[in-house]
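>>> sequence? don't have it. structure:
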DNA sequence: CAATAAATAAATCCAATTGAATTATTAATT
DNA sequence: AATTAATAATTCAATTGGATTTATTTATTG
């Protein structure tokens, strides 16, 4: 047998990957415990026998693991389910009060600090608006806010705080003037390592993730995620951002901003090429309102303070929908997403109208050969970014969204 | 503590995912064995101590595993490395002759059958061209071809064949006339299950994957993959197709054709919207040649039979580069790929010119805010699809490209 | 000869499995 | 209504088997 031809072997370049580590018993147990918790979370409540069936583990193994988790207070037993032959099954569910987690959403016009419980419910929250964010003010807001919220907890509850997850935009210094910050005011952010600065002032582990990616993560875990294994996600905040879910896991990419989507080129209403964020962002609506002499401040107080702003809002929704439809077609041409999810920092009724308008606009485009995703509303809502942030510490420690054995548990807290 | 607000919990829809199974010792060993083999493959050669360091497993565990793999003939020992303090280390490398695998590339104008060894070298190959593919002829080509190649192997070698991997286009009935098939001739393919039909005639496990995805997989494993954790891949065959690599793993998506890329809308040279495949496909060049009275047949014999076709080829390269540049920008807006890899069923010098032209065209586009990938040539070449096909059986059985514990080992052979 | 590192041998550890037993139900039969 | 069979959830005890730990051997440099 002789070599006729081979692949053109460029001499193997030094691999940049440090592939995952090997498996051993300790890691296997840790993995199986996370798997059990994740299954319980996904299904709401499951008996030991259910978990055994769904995980492929033996009933005995599941029994042992779940007894430990129950003893640790992470799981609690529900009412026995009767009505079927055999011993009644005891559904186990997550103990909502087993773990708490702080989530900080830092935006260009407002910040939110929330305390979330183990099942994703917001238990307390603080809100602050500003013309533009400055590091010192943000730091003060977080430290005093955490202090304030912790004071409302008892000793035992404080001990159950898993950490703080920050959801913040990257490159705040870009587009600063467009949102009304004085020239140069946002340059300070170039030098700031928000995660490190906060970690130095807070006694909990601190995690950080792009704000739109965080919102996408919240949608994956608490929203439509269980129904769609992959989707492209749009979150319309003061700036539009997005995220990508593949195989039921967030894909954040090399630079941590996969699915940033903002700079995607789309055709504007006069046929000129524009970036998506120049059209489908709330700051655009804000400017439109201001131009027409309407006070835009209510946009930032709370999503529920929005009123129907009439014509300018109508125009903004139509323009945004046109741009979003193009973005969705472009995304669908690259990856065969099953859904395109749209959410934002606005009330439900605005979201509904944006989605419906986008569906209508998409139908007008040339879709030949494109596998179009379902265009749907997000199920989480305006607080998605804070919720996504708050879920970072919980996932890092207790849950797994992928069947991956080692996610380099220690890296998560790093960058 | 009272609930202020929660995520808007739509009642959890029945999850469609059957999350991965739990871990146990048997699976752990299987995983660790694959991990060891994959590390050896990635780095070319590694000592037991190296593997222990890189995998995080204990030296003893690695020692045991690697002795088994050596005994099974999958690994062989290289020359001891001296020059450093301590016992010299013995680099272990894959035994090229330990495993063989057939790869079938079935295209619209030609088919290739290759026998690949364990380190990705083509050891034998057969080639056939046709005006258009028909099931019976393909079946005959595969069965007689496998027979012919196996006859050249001795008994022992025949026993080491891992299987047959098929790389074929999906939906052959589309665009049939454009490539010169008589109307309706390709309709038979709607009813054909090529994988099943071949499996019924061949005594090896049979795997199948989209042809462009396969080429992408070959690039991941044997080409630039080790240097780029994620890239978008274009393979210019009679039709252009593509693939996507994320986190050093092929992402094939819901429909198995993520990164199909062909239907991506681009602006044609007259400003009209066209699909990428209508521009950057070899059949377009073929038609251009025919229109000018040039015999296009050499395009299909072998990549090395191409001659410089002059003006029409020049035009085709320019047009294709323009379209590819647009496609790359669109892809980069969705995912922050580190590279865009271009390869095709043509000789190196054509590839170089296409890539250089694409780089030039990309520079002319509006790239503000887009994280542009490096645009590079594929390192595998014209046989990428067959090589990618042939690697399917090997990966299914011996290797792992992801740190995923269970890939449902038995499903691979199914669909 | 000391130091260092690779490789191996033997003993130990520990999580998952297996098989049997227990418990709590419903369904069928008397 | 009482009894018995069937079914299913759960747990106990013993076993299995792969990874780790500890100690030892081997081969090299300085």
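It's in. These numbers come from a predicted model, not from an experiment.

>>> Tell me who's in contact with the residue of the stretch 101-250 of chain A found nearest DNA strand D.
Nearest to DNA strand D in the stretch 101-250 of chain A, going by CB to the nearest atom of the strand, is residue A:119, at a distance of 20.2 Å. Yep, even glycine has a C-beta here, placed from its N, CA and C like the rest. Applying CB atoms under 8 Å, 6 or more residues apart in numbering or on different chains to residue A:119 gives the contacts A:41, A:94, A:96.

>>> beta partners for the closest residue to residue A:261 other than its chain neighbours?
Nearest in space to residue A:261, with sequence neighbours left out and distances taken as CB to CB, 6 or more residues apart in numbering or on different chains, is residue A:242 at 3.6 Å. Beta bridges link residue A:242 to residue A:234, judged by DSSP bridges.

>>> Residue A:242 touches residue A:260, doesn't it?
Yes - judged on CB atoms under 8 Å, residue A:242 makes contact with residue A:260 at a distance of 6.5 Å.

>>> what is in contact with these two at once?
Residues touching both residue A:242 and residue A:260 by CB under 8 Å, 6+ apart: residue A:212.

>>> Next up, phi/psi of the closest residue to residue A:295 other than its chain neighbours, please.
Setting aside the residues directly before and after it, residue A:295 is nearest to residue A:289 in space (CB to CB, 6+ apart), at 7.4 Å. When quoted as degrees, to the nearest 10, the phi and psi of residue A:289 stand at phi -60, psi -50.

>>> Next, the residue of the stretch 101-250 of chain A closest to DNA strand D: secondary structure please.
Here residue A:119 is coil, with the state taken from DSSP: H, G, I helix; E, B strand; the rest coil.

>>> Residue A:70 too?
Three-state call for residue A:70 (three-state DSSP): helix.

>>> Take the contacts of residue A:119 and keep only those in strands.
residue A:94 (DSSP state E).

>>> could you redo the contacts of residue A:119 as JSON lines and give each row pLDDT and neighbour count?
Formatted as JSON lines, those follow (pLDDT from 0 to 100; neighbours: other CB atoms under 10 Å in any protein chain shown):
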{"residue": "A:41", "pLDDT": "92", "neighbour count": "21"}
{"residue": "A:94", "pLDDT": "94", "neighbour count": "22"}
{"residue": "A:96", "pLDDT": "95", "neighbour count": "15"}
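
>>> Using a markdown table, lay out the contacts of residue A:119 together with distance to residue B:194.
Formatted as a markdown table, the contacts of residue A:119 follow (distance: CB to CB, whole Å):
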| residue | distance to residue B:194 |
| --- | --- |
| A:41 | 41 |
| A:94 | 47 |
| A:96 | 52 |
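
>>> for the contacts of residue A:119, which one is nearest residue B:371?
Looking at those and their distance to residue B:371, the nearest is residue A:41, at 33.6 Å (CB to CB).

>>> For chain A, what lies in contact range of DNA strand C?
Residues of chain A found near DNA strand C (CB under 7 Å from any atom of the strand) are A:25-26, A:28-29, A:32, A:56-61, A:64-65, A:80, A:82-88.

>>> Would you state the helices of the stretch 101-250 of chain A in chain order?
For the stretch 101-250 of chain A, the helices defined by DSSP state H, counting those that start in this stretch cover A:135-151, A:155-158, A:194-201, A:211-222.

>>> Quick check: which of the ones you listed is nearest to residue A:325?
So among these, helix A:211-222 is nearest, using CB to CB, at 18.9 Å.
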